[in-house]
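S.K.: Next one to model:
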Amino acid sequence: MSSLATNAPTSADACLSIVHSLMCHRQGGESEGFAKRAIESLVKKLKEKRDELDSLITAITTNGAHPSKCVTIQRTLDGRLQVAGRKGFPHVIYARIWRWPDLHKNELKHVKYCQFAFDLKCDSVCVNPYHYERVVSPGIDLSGLTLQSGPSRLVKDEYTAGAPVPGNSMEVDGEIGVTQTIQHHPPQQNFNLANIQQTPVGEPSLYNTTNRPLLGPSPTVPKLETGPDTCSRANWLPSRIHLPLLI
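M.R.: Reported below is the predicted structural model:
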């Protein structure tokens, strides 16, 4: 009788067996020592919740092929769980161990039927890794992106300095092969002051400040006052003046 009691498996042996079974399904993202400590801590907390422990074993050993219930632990004050000197969100820790080794803490979204998801802020937190889905923000793939510049435009300026061209034109080759001519008015021609001989002091200059030749003093032309009430001076003066003969 005593021998049978001695050979009966204890709860500690059962826990070790469960931990060993769950360790076989880890993804390898965490170290073996950390994963074992985290699984042992979870199994011990679920000893009094046999139905939730069975749901965890079913979910892990079948890779989520069968529906499972919530597997809950008590929420801490800061929401994080400390395992082997490390702190992290509990649902993220176990999701890394059994599903996504490179998981980021902001990439988890709970399924609709999870009643104790971490985001729901309940007193208990569901750590069933198959009650969460990974949401990866789509990145921008720049590998296939090429920058295309428009066709080069050939600008030809036919205006040459010093040539008596009335107007210069600029030909622009458009994107559709149409040649467009843009007419420009040339700027006012400036005299080359280097080619003008300087006039000695005291002699009249051939050119004034307005660049017009001075041909001599301009004659003064009297202006005749004309208007509706005035007559022409030529018609008012007599052609001859007759003076009386003095005897």
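S.K.: quick one, helices of the protein?
M.R.: Ranges of helices within the chain are 2-7, 11-23, 32-45, 50-61, 90-98, 233-236, based on DSSP state H.
S.K.: Deepest-packed of these, please.
M.R.: Ranked by mean neighbour count under mean count of other C-beta atoms under 10 Å, those are led by helix 90-98, which reaches a mean of 25. Placement of C-beta: from N, CA and C, glycine included.
S.K.: Now tell me what touches that helix from outside.
M.R.: 22, 25-27, 29-30, 35, 38-39, 42, 60, 73, 80-81, 83, 102-103, 105, 108, 117-118, 125-127, 129, 132, 134 (C-beta atoms under 8 Å, 6 or more residues apart in numbering).
S.K.: Mind giving me the PyMOL select for those residues, buried ones only?
M.R.: Here is the PyMOL command that selects the buried residues among the contacts of helix 90-98 (16 or more other C-beta atoms under 10 Å):
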select buried, resi 22+25+26+27+29+30+35+38+39+42+60+73+81+83+103+108+117+118+125+126+127+129+132
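S.K.: In strands, which of the contacts of helix 90-98 appear?
M.R.: Among those, the residues falling in strands (DSSP state E) are 73, 81, 83, 108, 125-126, 132, 134.
S.K.: could the residues you listed go into JSON lines alongside distance to residue 17 and pLDDT?
M.R.: Formatted as JSON lines, the ones in strands among the contacts of helix 90-98 follow (distance: C-beta to C-beta, whole Å; pLDDT from 0 to 100):
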{"residue": "73", "distance to residue 17": "21", "pLDDT": "96"}
{"residue": "81", "distance to residue 17": "23", "pLDDT": "92"}
{"residue": "83", "distance to residue 17": "21", "pLDDT": "89"}
{"residue": "108", "distance to residue 17": "29", "pLDDT": "94"}
{"residue": "125", "distance to residue 17": "26", "pLDDT": "96"}
{"residue": "126", "distance to residue 17": "24", "pLDDT": "97"}
{"residue": "132", "distance to residue 17": "26", "pLDDT": "97"}
{"residue": "134", "distance to residue 17": "30", "pLDDT": "95"}
